[in-house]
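K.L.:
how would this look folded up:
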Amino acid sequence: MTTFTFRSVQLPQDTALLHSWIATEHATFWGMPQATEAEIATEYASLLATEDYEVLLGIDDSAQPRFLVELYNPATSPLAQAYNYVRGDRGLHFLAPASENPQPGFTQEAMTAAVNHAFAAPGVERIIVEPDVRNKAIHALNARVGFRPVRPIKLLEHDGTIKRALLSICTRNDFEKATGHNLGSSFLSPENWERANRHVLAKALGEFSHERLLEPADHGDGTYSVQKDGHRYLFAARQFQLNHWLVQPQSLEHHEFIDGTWQPAEIDVIDFVTRFYRELTLSDAQLPTYLEELSSTLSSHCYKQVHSTHDSAALAQFPGTAAQSFQLVESSMTEGHPCFIANNGRMGVGRSDYLRYAPETGAALNLGWAAAHKSRAQFDAIDTLDYESLLATELNIGEREQLDEALNRALFGTGYRAEDYIFIPVHPWQWENRLSITFANDIARKQLIWLGTSQDEYQAQQSIRTFFNLSNPSRHYVKTAMSILNMGFMRGLSAEYMKVTPAINQWLGELFENDPVLSQQPVALLREIAAVGYRNPQFEAATEKSAAQRKMLAALWRESPINLLEEGQTLATMASLLHVDANGKSFAAALIRRSGLDPEQWLTEYFDAYLVPLVHCLAAYDLVFMPHGENVIMILENGAVKKVLLKDLGEEIAVLSDRVALPEEIRRVRTGGDPVLSVFTDVFDSFFRFLAPLLDVEGILPESDFWKVVVERLLDYRAAHPEFAQRFDDLGLFEQSFPLSCLNRLQLRNNQQMLDLTDQSGGLLYAGDLQNPLAFAVLAAN
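P.N.:
Presented below is the predicted three-dimensional model:
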């Protein structure tokens, strides 16, 4: 087998060679069969001058050039308008010239070497090719090295002509399976692993100290340490209000006591957790699974180091369309949940699955469609929508016809009728890894039928099982079941919960429309307008209500925020405010800088859209949300918050008293619990605790001033609405302290199911009280 090396094309030395290969009938699909040497030289001089474009010659063992390879960035090529670019994509053109004495197997060897070389570049995850649809020979060659056809596309050529091409993609895994080559990982390296361990260990020290699982020794100079069994961890940290620890990853030092002296040792967060697992309240049974989740989180962080290349300032410019920039920001976030240490566990997702489905890859995928018999499945929607109307908005006529035809073929000769089935969107991973096996009985008996994949392409959001429609952004979000373990829950969807989800959203939407305060505030809802759930009676007979087998197949449709935008407006989830780029710059600070507003004014507009409506819902209705960063979408103009959209309403709202009348069918949203904890815990401790220090560290606004603005906005609400003044005062938002509700303690206690969703407040864990920053801000103001 020939070993090939590569060198860059050099002009004018290689002009004659290129002309002899390209200006031929054999290379007709390269579009220059009649070109002169001068034209070839001009063309390749232009390509060599193009940023991020390589023109290479494949050199054989005898130092002879044998083939041509071009590697380029698809995001800056004509391909960018024809497919959904994913970080780590690399475009490839390949030409093996005609030979009078063809060598058997040479072309495949050369193509294999070219693709292998492309994958060797740091961060390359997929190779993209777009040969002419008529070029059957190259299609066959591509398939032999692992390329999978996606669809025909049209490309605008440099001469103004339209090329009809076959878009094909090869992943690292595809290439390895097809060729037997072992590429290894593009992002797991000793250097990346070291940085990931420092990052996660710094966060662990900070959050475990916040939750009072660790008590670092204070050395009086901004450095602290924790120590156990001959191991000592030193670190520098700043402490902020709400017992927030901001630990510097580069300051971390691990020492081991050997032969009477402290000696440097490796930074390894898995070793750290194993060493301190008793202090962290991990049981012997929980520890191994938690370590698996940590390992997955570390691996994900390595990927993000390589691929999250946009700095915060660039993201704040919102490049492209509103939909494109929205999804760019969504896939650029590197941290995940700000509180949880093991926040990218995703137990059950393999290497190839990760690249296809993880939110940080920004990958475009086609959702699956299944048909479910009505004896097992139920569709529900808001009053103004029915099943056929929904499908008419979500499917093109041709796609609906394809699904109908696939169902009719599957039912031919069975006696079943197509009208007795409901279409359900399905996560491809869920069908391949769970449903096709666990629900085999249903499949065999035609209760459940796989129909194929969607024509539209979708991108996973940070919540991994919720998808944004890339092909038609005005169409609905789709949320699916995905039976993976992540952050203390199996990420399924309950058919029981789906049954009343549209009714809950309808009630909530009407409340917002009719409330004189909310209807005037810059806040709105993204309603879950339809849902479908599938029940398996055998598993229901064998399990309790919370069992994972009852949550394997369901879906809902949620309104798209794109339809609420005005000219010049953009979108970002509130979670993005906490994103910090590789240079330590936050997205929140970048937005404030771009807006040109004083930080206090920027925060005023943000709090009026986010915090004030939440407090009003508490004061007026004892209504609480789960308003964490990913459940809130901001509408922005020039970086300033103009409106906030609340989502994930069916499963995560609660009415905490009987002051409000509820329709009988949605009575499950009435629960017990302390209403003010939804502000103290979910807003102050789980979000503002991180946001205020970020702005302080970057010199945008001192932390104390941040909390002063919070107080001002709350008092302004009270003054503007005296009818709610007593209820506002009863909330006790300015009390000296409030209970510290600990999220990591929940995951450490039970990383299979942190809480019973039917009684979330009853399962919370507390660790004393936190001093309320609002109390200090009120005193300072007076």
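
K.L.:
right, and the helix or strand after the lowest-mean-pLDDT helix or strand in the chain?
P.N.:
Taking mean pLDDT, DSSP states H and E as the measure, the chain has strand 489-490 as its least confident helix or strand, at a mean of 68. Sequence-wise, the next helix or strand downstream of strand 489-490 (DSSP states H and E) is helix 495-514.

K.L.:
tell me the domain ranges of this protein?
P.N.:
Under the assignment automatic domain parsing, the domains of the chain span 5-179, 190-280, 368-562, 569-781.

K.L.:
figure out which of those domains is closest to Ile341.
P.N.:
Nearest to Ile341, of all those, is domain 190-280, at 4.8 Å by Cβ to Cβ. For the C-beta atoms, the positions are set from N, CA and C on the backbone; glycine is no exception.

K.L.:
any idea whether Gln430 is helix, strand or coil?
P.N.:
Following DSSP: H, G, I helix; E, B strand; the rest coil, Gln430 is assigned to helix.

K.L.:
these two touch, right, it and Ile464?
P.N.:
No - here Gln430 does not reach Ile464: they are 11.5 Å apart, not a contact under Cβ atoms under 8 Å.

K.L.:
so those two - more neighbours on which side?
P.N.:
For the pair Gln430 and Ile464, the greater number of neighbours falls to Gln430 (24 against 21), based on other Cβ atoms under 10 Å.

K.L.:
returning to that earlier point: which neighbours do Gln430 and Ile464 share?
P.N.:
Contact with both Gln430 and Ile464 is made by residues Met482, according to Cβ atoms under 8 Å, 6 or more residues apart in numbering.

K.L.:
low-confidence ranges in the stretch 101-250 of the chain?
P.N.:
Residues of the stretch 101-250 of the chain meeting the criterion pLDDT under 70: 159.

K.L.:
going by residue numbers, what spans are helices in it?
P.N.:
106-119, 136-144, 172-179, 190-210 (DSSP state H, counting those that start in this stretch).

K.L.:
hey, where'd the strands end up in the stretch 501-650 of the chain?
P.N.:
Under the criterion DSSP state E, counting those that start in this stretch, strands of the stretch 501-650 of the chain are mapped to 523-525, 528-534, 554-558, 569-573, 623-624, 632-637, 640-646.

K.L.:
what residues sit buried inside stretch 578-597?
P.N.:
Buried residues in stretch 578-597, counted by 16 or more other Cβ atoms under 10 Å: 578-581, 585-595, 597.

K.L.:
check stretch 350-357 too.
P.N.:
353-357.

K.L.:
so which of those belong to helices?
P.N.:
353-357 (DSSP state H).

K.L.:
out of the residues you listed, which one sits closest to Pro693?
P.N.:
Tyr354 (31.0 Å).

K.L.:
quick one: that closest one and Asp648, what's the gap?
P.N.:
24 Å (Cβ to Cβ, to the nearest Å).

K.L.:
same question, Ser332
P.N.:
21 Å.

K.L.:
try Leu636
P.N.:
20 Å.

K.L.:
mind listing the strands in the stretch 251-400 of the chain by residue range?
P.N.:
Going by DSSP E, counting those that start in this stretch, the stretch 251-400 of the chain shows strands at 253-258, 261-265, 364-365, 368-373, 377-381.

K.L.:
so which elements touch the shortest one?
P.N.:
The helices and strands touching strand 364-365, judged by 3 or more Cβ pairs under 8 Å, 6 or more residues apart in numbering; DSSP states H and E, are strand 458-460.

K.L.:
what do you get if the cut-off is 10 Å, keeping everything else the same?
P.N.:
helix 351-357, strand 458-460 (3 or more Cβ pairs under 10 Å, 6 or more residues apart in numbering; DSSP states H and E).

K.L.:
mind exporting the longest one as PDB, just the C-alpha atoms?
P.N.:
In PDB, the C-alpha atoms belonging to helix 351-357 read as follows (Å, rounded to 0.1, in the frame of the first residue of the first chain):
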ATOM      1  CA  ARG A 351     -19.400   8.900  20.500                       C
ATOM      2  CA  SER A 352     -21.200   9.200  17.100                       C
ATOM      3  CA  ASP A 353     -24.400  10.100  18.900                       C
ATOM      4  CA  TYR A 354     -22.600  13.000  20.600                       C
ATOM      5  CA  LEU A 355     -21.600  14.500  17.300                       C
ATOM      6  CA  ARG A 356     -25.100  14.100  15.900                       C
ATOM      7  CA  TYR A 357     -27.200  15.200  18.800                       C
END
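
K.L.:
give me the helices and strands touching it, please.
P.N.:
Going by 3+ Cβ pairs under 10 Å, 6+ apart, helix 351-357 lies up against strand 162-171, helix 172-179, helix 287-307, strand 364-365, helix 428-430.

K.L.:
so how far is it off the chain centroid?
P.N.:
From the chain centre to the centre of helix 351-357 is a distance of 12 Å (Cα atoms, centre = their mean, to the nearest Å).

K.L.:
and if you look at stretch 653-662?
P.N.:
32 Å.

K.L.:
same thing with stretch 765-780?
P.N.:
33 Å.

K.L.:
equivalent analysis for stretch 468-481, please.
P.N.:
14 Å.

K.L.:
quick check, Gly58 in a strand?
P.N.:
Yes - Gly58 forms part of a strand when assessed by three-state DSSP.

K.L.:
ok, the closest residue to Val612 other than its chain neighbours - how many residues close by?
P.N.:
Of all residues beyond its chain neighbours, the one nearest Val612 is Tyr717 (5.0 Å), with distances taken as Cβ to Cβ, 6 or more residues apart in numbering. One way to gauge burial is a neighbour count; for Tyr717, by other Cβ under 10 Å, it gives 22.

K.L.:
need the contact list for Tyr717.
P.N.:
517, 521, 607-608, 611-613, 615-616, 619, 724-725, 728 (Cβ atoms under 10 Å, 6 or more residues apart in numbering).

K.L.:
just to revisit the earlier point, make CSV out of the helices and strands packed on helix 351-357 and add distance to Trp507.
P.N.:
As requested, the helices and strands packed on helix 351-357 are exported to CSV (distance: least, Cβ to Cβ, whole Å):
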stretch, distance to Trp507
strand 162-171, 44
helix 172-179, 46
helix 287-307, 36
strand 364-365, 33
helix 428-430, 30
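
K.L.:
out of those, flag the one nearest Ala63.
P.N.:
helix 172-179 (24.6 Å).

K.L.:
identify the residues contacting the closest one?
P.N.:
Under the criterion Cβ under 10 Å, 6+ apart, residues 88, 108-109, 111-112, 115-116, 118-119, 124-127, 142-148, 170-171, 181-186, 350-353, 355-356 lie in contact with helix 172-179.

K.L.:
next: stretch 728-735.
P.N.:
Contacts of stretch 728-735 (Cβ under 10 Å, 6+ apart): 615-616, 618-620, 674-676, 679-680, 684, 710-711, 714-715, 717-718, 721-722, 724, 738, 769, 772, 774-779.

K.L.:
apply 8 Å and report the result again.
P.N.:
Outside stretch 728-735, the residues touching it (Cβ under 8 Å, 6+ apart) are 615, 618-619, 675-676, 679, 711, 714, 717-718, 721, 772, 774-775, 778.

K.L.:
buried residues in it?
P.N.:
Here stretch 728-735 shows 728, 731, 733-734 as buried, counting by 16+ other Cβ under 10 Å.

K.L.:
inside helices: which ones of the residues you listed?
P.N.:
Per DSSP H, the buried residues of stretch 728-735 map to helices at 728, 731.

K.L.:
from the buried residues of stretch 728-735, pick the one nearest Phe690.
P.N.:
Using Cβ to Cβ, these come closest to Phe690 at Leu733, 19.7 Å.

K.L.:
next one, pLDDT for the closest one please.
P.N.:
You'll see Leu733 listed with a pLDDT of 95.

K.L.:
that one and Asp705, how far apart?
P.N.:
Per Cβ to Cβ, Leu733 is found 18 Å from Asp705.

K.L.:
thanks a lot, catch you later.
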